[in-house]
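> the sequence isn't on hand, but the structure is:
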């Protein structure tokens with residue numbers, strides 16, 4: 001009897017552990033944390049006077065839930081396509097470990113709670129959170145199977161965390177809020193084209209048509225597209241300085257960061273290869289936390 005009870009407990013722990021892991025995949029936990037980081041940094045950069053740690057916690061929770069709902073809806077809508085790609089085949093809905101109805105219910109609950117939390121700040125924050133979720137799930141997600149325009153459309157909800165973070169503090173759409181939105185908007189192209197280059201074969205196999213191609217290969221112009229957008233990041237520090245938010249350190253550092261990212265993108269254009277795409281991807285992963293940290297410290 002004791003052995004049976006212990007076995008039952010082990011099975012229960014195993015089932016519970018798998019369920020936790022499935023929900024981490026459903027909300028894309030690690031990716032979600034980067035979204036929360038962006039919104040939180042924007043909130044801190046936009047803040048004036050006494051900083052609200054309670055407000056930051058509410059923003060982080062609301063942003064996490066909204067992003068989790070968006071990712072859950074994405075996996076519901078793309079379950080059949082996820083099964084065709086090795087890197088996504090094990091997702092809970094695609095693999096059949098979680099039903100579509102459970103995924104939809106989870107998305108509904110997370111979106112409701114997330115919007116309610118953002119509404120504690122102001123109407124703008126709640127509206128932008130809702131807009132980000134709807135546009136990501138129902139505009140960007142289906143458009144990926146149609147055209148590369150999807151990347152630009154997806155960059156809009158992808159940059160919303162910075163806008164929401166600033167608006168949560170400021171209560172309106174200010175020049176600073178739009179500047180922070182622009183940083184995350186233009187940054188995404190270098191990041192996404194690198195990922196698109198690396199995952200081209202799997203995306204193509206699953207029927208996605210959002211990566212420009214030539215002769216059945218990723219277009220060599222992907223690096224050029226990434227470079228032009230990375231160059232748009234160079235004056236971001238100067239704009240923040242002109243707005244009176246930060247100092248000259250941001251002007252210099254963000255110019256250097258933007259030009260460095262553009263250089264990695266240029267290398268991918270001149271030598272289209274997996275090695276160059278990996279370097280661009282890692283450079284893009286470093287850019288955003290470095291840029292936001294410099295803006296915050298320069299402001300302080």
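Perfect, thanks for sending it. In this text, all values refer to a predicted model and were calculated from it rather than measured experimentally.
> what stretches of the protein score poorly on pLDDT?
Residue ranges of the chain with pLDDT under 70: 1-13.
> how is it carved up into domains?
By the assignment in automatic domain parsing, the chain contains the domains 8-170, 174-300.
> what comes up buried for the strand or helix carrying residue 197?
If you go by DSSP states H and E, residue 197 is part of helix 175-198. Neighbour counts using 16 or more other Cβ atoms under 10 Å place 176-177, 179-198 of helix 175-198 among the buried residues. Backbone N, C-alpha and C define where each C-beta goes, glycine included.
> so how far is residue 228 from residue 128?
Distance of residue 128 to residue 228, computed by Cβ to Cβ, to the nearest Å: 27 Å.
> which one of the two has more residues nearby?
A side-by-side neighbour count of residue 128 and residue 228, using other Cβ atoms under 10 Å, places residue 128 first with 24 against 13.
> from residue 111, how far off is the more buried one?
As judged by Cβ to Cβ, residue 128 and residue 111 stand 13 Å apart.
> nearest residue to residue 285 other than its sequence neighbours?
Distances taken as Cβ to Cβ, 6 or more residues apart in numbering place residue 191 nearest to residue 285, at 7.3 Å, with adjacent residues excluded.
> next one: residue 272 from residue 266, what distance?
Distance from residue 272 to residue 266, by Cβ to Cβ: 12 Å.
> so what sits against both of the two?
Counting by Cβ atoms under 8 Å, 6 or more residues apart in numbering, the contacts common to residue 272 and residue 266 are residue 223.
> quick one: the helices in the stretch 201-300 of the chain, in order.
Using DSSP state H, counting those that start in this stretch, the helices of the stretch 201-300 of the chain run over 222-231, 236-242, 248-270, 274-299.
> looking at these, which is buried most?
Comparing the helices of the stretch 201-300 of the chain by mean neighbour count (mean count of other Cβ atoms under 10 Å), helix 222-231 ranks first with a mean of 22.
> and the nearest residue to residue 255 once chain neighbours are set aside, how many residues sit next to it?
In space, residue 255 comes closest to residue 234 once its chain neighbours are excluded; the distance is 4.8 Å by Cβ to Cβ, 6+ apart. Neighbourhood size, residue 234 [other Cβ under 10 Å]: 19.
> likewise residue 61?
15.
> which of the residues in the host helix or strand of residue 153 are classified as buried?
Per DSSP H and E: residue 153 is located in helix 149-170. Neighbour counts over helix 149-170 (16+ other Cβ under 10 Å) mark 150-170 as buried.
> that older thread, okay, the angle between the helix holding residue 197 and helix 149-170?
Note on geometry: by axes from the mean of the first three to the mean of the last three Cα atoms, to 10 degrees, helix 175-198 and helix 149-170 are set 150 degrees apart in direction.
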